[in-house]
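Novice: Got a sequence here, can you model it:
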Amino acid sequence: MTLTVDQLSESGLLARIFPRLPTGTSTLLGPGDDSAIIAAPDGRTVISIDTQVQDRDFRLTWPNGYATTGFDVGWKAAAQNLSDINAMGAVATAMVVSLTLPGTTPVAWVEGLAEGLGAAIAALGAGQCSVAGGDLSGGSEIVVTVAVTGSLEGRDPVLRSGAQAGDKVAVCGNLGRSAAGWALQESTLGPERHTESMQRAVSLFNRPQPPLAAGPAAARAGATAMMDISDGLLRDAGRLAAASGTRLDLSGVVMGKMAEKLAECAQALGADPLQWVLTGGEDHGLLSTFPANTALPQGFVAIGSVVSADASQPAVSIDGRNFKSVVDGAVGWDHFAV
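Specialist: Below is the predicted model:
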């Protein structure tokens, strides 16, 4: 018999969650009181929040038969929030988690979520970060909201608004793999028919791998602007360009080489891998700009340049061309346009 959430009290469920959560070095007082206490030796606190909603951000069962585990959702909840802190050039110090759960949710699924949070924090290299507390509530669908704090460790934050004409544009992390994984799960191509490349794409969709060492490294190297790539390269590049009052011109050759890595997945689905690279979200890599003469930190790849703003030109172009001609107007993820 499967034990479900409605068969336990709130305290009983928490007693199963807390032992599975990590304790980081920045937490002075963790779960148990009305609030947690987190050290802030820098004197400033970076903070971000993100939400996953069942059937909006994830499905419990996908069309191809894949069953989303609590571990998957916990991992992604940690990864996407850690990435936002990373994009400021900061390191994560603590998380608080709010869970809304239907009473029929298996307790083992919730335990898996807690384990996924902890596993992502450890595996992605966020050793200072702990899950310092949170909240439980009941509802008709699963909703996971995570708020995370971070420390700049004495550095200036790297904002979206600092790119300057003449800078080079670079990325660190994956582009398009998460989108390929999403497309595979939305298809009828069952997991038993996946090649190694397809399995990797699905894994990176369910359990993203943000490059957490890259944010602070970029800040130390003099990055002029930076942001998390969560809604697709083109959409996020447009946001960075708008914030900086510049334009970004990307290299079609580099974009094409990135797309070639997704060719096997695309061929299986009859899809265009370039569109995944340009518009696919949730890889949670970094989009950064650096002065032209700066040596890029390890893991970064140059993909273009920052050019002066021109009202007659698009905010983002590829080899000087409007990106809409490349991807038929698709510009990335928008929560309110799907």
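Novice: Tell me which residues of stretch 27-47 come out buried.
Specialist: By 16 or more other C-beta atoms under 10 Å, the buried positions in stretch 27-47 come out as T27, G30, P31, A36, I38, A39, A40, V46. (C-beta placed from N, C-alpha, C; glycine too.)
Novice: mind listing what G280 touches?
Specialist: L175, G176, R177, S178, A179, A180, W182, G232, L233, G332 (C-beta atoms under 8 Å, 6 or more residues apart in numbering).
Novice: do that again at 6 Å, thanks
Specialist: Contact analysis of G280 by C-beta atoms under 6 Å, 6 or more residues apart in numbering lists G176, A179, G232.
Novice: Surely R235 forms part of a helix?
Specialist: Yes. The assignment for R235, made by DSSP: H, G, I helix; E, B strand; the rest coil, places it in a helix.
Novice: what about it, how many residues close to it?
Specialist: 19 (other C-beta atoms under 10 Å).
Novice: what residues does stretch 113-121 touch?
Specialist: So stretch 113-121 is contacted by 17, 20-22, 70-71, 73-75, 78-79, 129, 131 (C-beta under 6 Å, 6+ apart).
Novice: switch the cut-off to 8 Å
Specialist: 16-17, 20-22, 24, 69-79, 82, 92, 95, 97, 99, 126-127, 129-131, 144, 146, 207.
Novice: Going by distance to M88, which of the contacts of G280 wins?
Specialist: G232 (20.0 Å; C-beta to C-beta).
Novice: Quick check, the closest one in contact with L278.
Specialist: Yes. Between G232 and L278 there is a contact under C-beta atoms under 8 Å: 6.9 Å.
Novice: could you pull out the strands for this protein?
Specialist: Ranges of strands in the chain, per DSSP state E, are 27-29, 37-38, 46-53, 91-101, 130-138, 143-151, 168-172, 225-229, 246-250, 285-290, 300-308, 316-318, 321-322.
Novice: Quick one: closest of the ones you listed to A201.
Specialist: Nearest to A201 among these is strand 285-290 (14.5 Å), distances taken as C-beta to C-beta.
Novice: so what's N206 up against?
Specialist: Contacts of N206 (C-beta under 8 Å, 6+ apart): T68, D72, W75, K76, G181.
Novice: quick one on the thing from earlier: format the contacts of G280 as CSV; extra columns: distance to E260.
Specialist: Converted to CSV, the contacts of G280 look like this (distance: C-beta to C-beta, whole Å):
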residue, distance to E260
G176, 11
A179, 15
G232, 19
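Novice: and the closest residue to I49 other than its chain neighbours, how many residues sit next to it?
Specialist: Setting aside the residues directly before and after it, I49 is nearest to A147 in space (C-beta to C-beta, 6 or more residues apart in numbering), at 4.2 Å. Residue neighbour count, defined by other C-beta under 10 Å, stands at 17 for A147.
Novice: measure A147 to A108 for me?
Specialist: 26 Å (C-beta to C-beta, to the nearest Å).
Novice: Kindly report the same for S251.
Specialist: On the measure of C-beta to C-beta, S251 and A108 end up 47 Å apart.
Novice: Please name the bridge partners of S130.
Specialist: Following DSSP bridges, S130 is listed with bridge partners A94.
Novice: Could you report the neighbour count for it?
Specialist: By the criterion of other C-beta under 10 Å, S130 has 24 neighbours.
Novice: Contacts only, for it.
Specialist: Contacts for S130 were tallied using C-beta under 8 Å, 6+ apart; they are L21, P22, T23, G24, S26, T27, G30, T93, A94, M95, I121.
Novice: quick one on the thing from earlier: which neighbours do G232 and L278 share?
Specialist: Shared contacts of G232 and L278 (C-beta under 8 Å, 6+ apart): none.
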